[in-house]
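Peer 1: Make a model of this:
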Amino acid sequence: MPKDSGDSTPNSADFCANFAHTFSRQALRHIATSRTLPLDLGLEGGQIDNNDDACVTFNKKDPDTMSNGVIIVGAGHAAGQAVASLRAEGYEGPITVIGDEPYIPYQRPPLSKKFLAGELDLERVYFKPPEFYEKSNAEMVLGKRVVEIERPKKLVHLDDGTTRAYDKLILATGSRVRELNVPGADLDGVFYLRTVDDVDAIRAKFNEGGKMVVVGGGYIGLEVAAVARQHGLDVTVLEMAPIVLARVVDPIVSAFYTRVHTEAGVKIENGVAVQGFEGSNGKIEKVDCADGKKFDANFVVVGVGIIPNIELAEGAGLKVENGIYVDEFCQTSDPDIYAIGDCSNHPNALLGKRLRLESVHNALEQGKTADASICGKAKAYAQVPWFWSDQYDLKLQIVGLSAGYDQAVVRGNPEKDRSFAVFYLRDGVMIASDAVNRAPEHMMSRKFIAEKAKIPAERLADESISMKEMLG
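Peer 2: Sure thing, here's the model as predicted:
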């Protein structure tokens, strides 16, 4: 702003005369719905008059107190929580979120469930409403991608050629789908599900009807299959492992979900490997398997896992090992850079090992942990992981990690009922549980696992004993 010859600070009337056309209330409304929020003019302390066309006045920033603030790379669940927790912890500096999608942070779990089914609109999938980021004075730089971190100068370089400076950097880069490298993978009608735009494209195919083949019998694959069947599609699931959900549940739970999907009309083929896609005129028509089987398909949804986005950190020379390597405070090998969510490999004192988790709970809690450290209130992250999946009328809630269990205890009857729990023990200590439509079992398992509780198997299986009385 040019200085007046007699006074270095323009009066409010002059300010309004020069800038009313730019900063009317209507203009701010336009800015609030744009991809970059709020507009950065090196000004703060804005005040809006009650008149719709009134000028907005600002107080000039004091250059001696200016900071580059915190930049959050990624605009998913973890990033949304990082913004919220920074302000909750009392951080008053600038916050900038840079994301490569044109959307403010949104929740990914509903994408393969209620959002795909059309039961939720986009606004209800947002992690926080747009107004939250305005009130938090967080600048949202959307549809842009960070391509390089220049650590010595504490700069990030964007794909549009611009550069941003930071005091602290949070990498919430998340993960991306694992793509099939087989012939025909580029045919029209082969989809992956990771983003809002992916769901929009798949939902359009739902409306056309026909035959859908799902490649992968994990969470995403089975959730998509459930929604598709409820929309009347002919659905076939192809899973390379001997059972569905092989990476995450016991054979007891897998058999239950196989039965449920089969009863709903889904055809499940286990132990088959997809080796290619066939089509004509650029469109998918068949799925080819290594055993010679072929499956007709109007479209295909592939869900065969995700890959952590570590390339940015790796290029910056940060330690990378099955994710971005962090300590219990989510700090990387650079003390000014943190990593949270799917992309981070962190130590867990409760479990006694390092791990990388793909879960909402982990993303949220690591966001809180990193922010507390940035604000000088460091607290170690050590929680029991938990996950969930919604399919049909069933809610599967998983607590802990069952790998290495030596005894599985069933509570309820999974062969007949749609409500039961399985507890996983190692040397008599509960290490994990799967609960289907059993909220009390899920909640108490979180407590028992954190406390490394030893509960006799016969008590866990006895439904006449309430979960609250289990340790009695």
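
Peer 1: now the closest residue to residue 296 other than its chain neighbours, which residues is it bridged with?
Peer 2: Nearest non-adjacent residue to residue 296, counting by Cβ to Cβ, 6 or more residues apart in numbering: residue 211, 5.4 Å away. For every residue, glycine as well, the C-beta is placed using N, CA and C. Beta-bridge partners recorded for residue 211 (DSSP bridges): residue 234.

Peer 1: give me the element residue 258 is part of.
Peer 2: In this assignment (DSSP states H and E), residue 258 forms part of helix 251-263.

Peer 1: Centre of the chain to that helix, how far?
Peer 2: Remark: helix 251-263 is offset 26 Å from the chain centroid, using Cα atoms, centre = their mean, to the nearest Å.

Peer 1: same question, stretch 290-310
Peer 2: Relative to its chain's centre, stretch 290-310 lies at 21 Å (Cα atoms, centre = their mean).

Peer 1: Mind listing what's buried along that stretch?
Peer 2: 295, 297-304, 306, 308-310 (16 or more other Cβ atoms under 10 Å).

Peer 1: same check, this time on stretch 212-230
Peer 2: So for stretch 212-230, counting by 16+ other Cβ under 10 Å, buried means 212-229.

Peer 1: Let me see the mean pLDDT of it.
Peer 2: Computed over stretch 212-230, the mean pLDDT rounds to 97.

Peer 1: Make residue 1 into 545 and carry on from there
Peer 2: With 545 as the first residue, the last one maps to stretch 756-774.

Peer 1: Identify each buried residue in the helix holding residue 802, please.
Peer 2: 797-802, 804-805.

Peer 1: Columns distance to residue 953 and pLDDT on top of those residues, output as JSON lines?
Peer 2: What follows is the buried residues of helix 795-807, written out as JSON lines (distance: Cβ to Cβ, whole Å; pLDDT from 0 to 100):
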{"residue": "797", "distance to residue 953": "13", "pLDDT": "97"}
{"residue": "798", "distance to residue 953": "17", "pLDDT": "97"}
{"residue": "799", "distance to residue 953": "16", "pLDDT": "97"}
{"residue": "800", "distance to residue 953": "15", "pLDDT": "98"}
{"residue": "801", "distance to residue 953": "19", "pLDDT": "98"}
{"residue": "802", "distance to residue 953": "21", "pLDDT": "98"}
{"residue": "804", "distance to residue 953": "21", "pLDDT": "98"}
{"residue": "805", "distance to residue 953": "25", "pLDDT": "98"}
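
Peer 1: wait, which of the residues you listed is closest to residue 968?
Peer 2: Proximity of the buried residues of helix 795-807 to residue 968 (Cβ to Cβ) peaks at residue 797, which lies at 10.5 Å.

Peer 1: How about the contacts made by the closest one?
Peer 2: Counting by Cβ atoms under 8 Å, 6 or more residues apart in numbering, residue 797 touches 789, 940, 958, 966, 978, 980.

Peer 1: Any figure for the gap between it and residue 942?
Peer 2: 9 Å (Cβ to Cβ, to the nearest Å).

Peer 1: Spit out the residues that contact those two alike.
Peer 2: Joint contacts of residue 797 and residue 942 (Cβ under 8 Å, 6+ apart) are residue 978.

Peer 1: which secondary structure elements does the top helix by length along the chain contact?
Peer 2: Counting by DSSP state H, the longest helix found in the chain is helix 904-918. When contacts are defined as 3 or more Cβ pairs under 8 Å, 6 or more residues apart in numbering; DSSP states H and E, helix 904-918 sits against helix 621-632, strand 712-715, strand 881-883.
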